[in-house]
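Chemist: What follows is a predicted structure for the sequence shown.
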Amino acid sequence: MKQQGKKKRVSPILLFFLIFFAILVLGAFGFIWWVNVIVKSKVFADYASKIVEKYTAITGSFEPFMFYGFGLETSSYKGKGKKESPIASIAIAPLTVQLRSIGIFGRPWIIRSIELGDLSVVLQNPELPPERKTENLPTAAALKNNKEKTVSIEKISIKNLSLSWPATMGGGGQVNGMELNVRPKEENWDINAHRGVLLLRSLPELALENIKGLLTKTSFEVSDATLHLKSDPKATVLIQGVLALVPPQKTHLNLSLHQIPLDSILFGSLRNELKGYLRGNIGLNAESDIAKTYHGEGEMFIDQGRLVHLTFLTNIDSFLNLHRLEDIPLTVAHFLVTLEPNTIKLHHIDWQSEDTMKLTGWVTLVEKNVTGTLMLGLRSDWIQKLPGLGAQLFNAGADRFFWTEIHLSGTIDDIHEDFSPRLNQAVQGIIKKGIEREIQRQVPGRIFRNIIPNFP
């Protein structure tokens, strides 16, 4: 009797493929496990730190990496720059690098994006040897066309950038809370920034609306930058031009100011004495070292301007009992400005209040020291109310105004003018002569001649 069934024998070929597949799967998992261990190791983090140090002169350390999609992520990086680096210190938390999946096994590696959460950078003046002082910045093309052809970056994004620089770099300052996106554009980098607060020496806080431009080997070409006072969104500053980064490139910037409150930029008593809103344009030129070489020329206007309790005008108003010069609206307020390191000069000043008052001249501020010469013109019928004083203090002009020269000195916190002392001295002289005449009228002169031989 034949057996009802026979055991099926497994094909050797099928068995081979099953074993091969199992080995392949185990090998893949083993490889992934091995790579994962390597990536998460301190050795890999230290290796990445050495790569950064090689190209940036920044000594630092990464926290261990982990896989994140088709890329890597680390919780933080902290580093300090060497003396030849423009970066004094840097901190990143977190950092994510995403690769294109099709480019993982090829060359160059295509980095789809580098994403940084919080980036804090402190700049410094690098100490470069003479042969490196004209070194160009790395370009986008340099990464694509380098001999090793290892990396190609498509996008860099920073969610929260904090950047600060010392007083030796443009007077010092900082930017906080900026969002920055960077993309390669031919041989350069396309920059697009939003948000943030800019703090500069002697200026109020400025809120950043946007900055668009192109970072080249030697400069940053600003196509559009808009900032406004943090306390007043209507007070805006628009910037266009070229900002030099390395020699021999030069800086050429155009600044347009709109509705800037004067009390936000003035100091000392001037904050209360000159009111209104500043507008105008300034052209700024400089060598690569902007802080030491800049020269600016501009034309300014004051809208809704007023002179409030200006000392020499208040003294004249009190003496004449006019009640017209204590708070003067300016119907014309125009001047030119020149800017140089530690120096601000206002010249060709032309301020008018209808047909009552004119003020012309110049004022220079060197650090905190003030010098200047102003010509004050008042309507003729007012000067005629100064009995015996008009001729001493004022000269008649062809424009039916009487003019006097006023010299300024002192500091921005304590400005002195020489007109008020001259007015007081002239008034005292008039009073003294009046008293003498009254005494002569009331008392016989012979009595005083007996007492005072030289009495007239």
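Modeler: Looks like it arrived, so ask away.

Chemist: which residues does the most centrally placed residue in the chain contact?
Modeler: By CA atoms, centre = their mean, the chain has its centre lying nearest to residue 200, at 5.2 Å. By CB atoms under 8 Å, 6 or more residues apart in numbering, residue 200 lies in contact with 171-173, 206. Any C-beta I mention is one placed from the backbone N, CA and C, and that applies to glycine too.

Chemist: Write the PyMOL selection for whichever of the residues you listed are buried.
Modeler: Buried residues within those, by 16 or more other CB atoms under 10 Å, are selected in PyMOL with:
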select buried, resi 171+173+206
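
Chemist: So which of the contacts of residue 200 sit within strands?
Modeler: Counting by DSSP state E, the part of those found in strands is 173, 206.

Chemist: Would you convert the contacts of residue 200 into CSV that also reports distance to residue 70?
Modeler: Below are the contacts of residue 200 laid out as CSV (distance: CB to CB, whole Å):
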residue, distance to residue 70
171, 45
172, 42
173, 39
206, 40
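
Chemist: Can you give me the domain assignment for this protein?
Modeler: By the assignment in automatic domain parsing, the chain contains the domains 39-127+137-248, 250-456.

Chemist: Output the lowest mean pLDDT helix or strand found in the chain.
Modeler: Every helix and strand of the chain was ranked by mean pLDDT, DSSP states H and E. The lowest is helix 445-451, at a mean of 49.

Chemist: coming back round to it: just the contacts of residue 200 now: which is nearest residue 419?
Modeler: When the contacts of residue 200 are compared for distance to residue 419 (CB to CB), residue 171 wins out at 34.7 Å.

Chemist: for the closest one, what are its contacts?
Modeler: 200-202, 291.

Chemist: tell me the average confidence for the helix or strand encompassing residue 281?
Modeler: Under the criterion of DSSP states H and E, residue 281 resides in strand 274-286. Strand 274-286 shows a mean pLDDT of 96.

Chemist: So that it lines up with my notes, have the first residue be 52 from now on.
Modeler: Let's use 52 as the start, then, which means that last one is strand 325-337.

Chemist: For stretch 454-470, give me every contacting residue.
Modeler: With contact meaning CB under 8 Å, 6+ apart, stretch 454-470 is reached by 318-321, 362-363, 366, 412, 414, 416, 419-428, 444-448.

Chemist: Go through the residues you listed and flag which are in strands.
Modeler: 412, 414, 416, 420-428, 446-447.

Chemist: Quick check: ChimeraX command selecting the buried ones in these.
Modeler: The ChimeraX selection below is limited to those of those classed as buried (16+ other CB under 10 Å):
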select :412,414,416,421,423,425,426,427,428
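
Chemist: Turn the ones in strands among the contacts of stretch 454-470 into CSV, including pLDDT and distance to residue 125.
Modeler: Shown next, in CSV, are the ones in strands among the contacts of stretch 454-470 (pLDDT from 0 to 100; distance: CB to CB, whole Å):
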residue, pLDDT, distance to residue 125
412, 97, 62
414, 97, 56
416, 95, 50
420, 94, 53
421, 95, 55
422, 96, 58
423, 97, 59
424, 97, 63
425, 96, 63
426, 96, 67
427, 95, 68
428, 93, 70
446, 88, 77
447, 87, 80
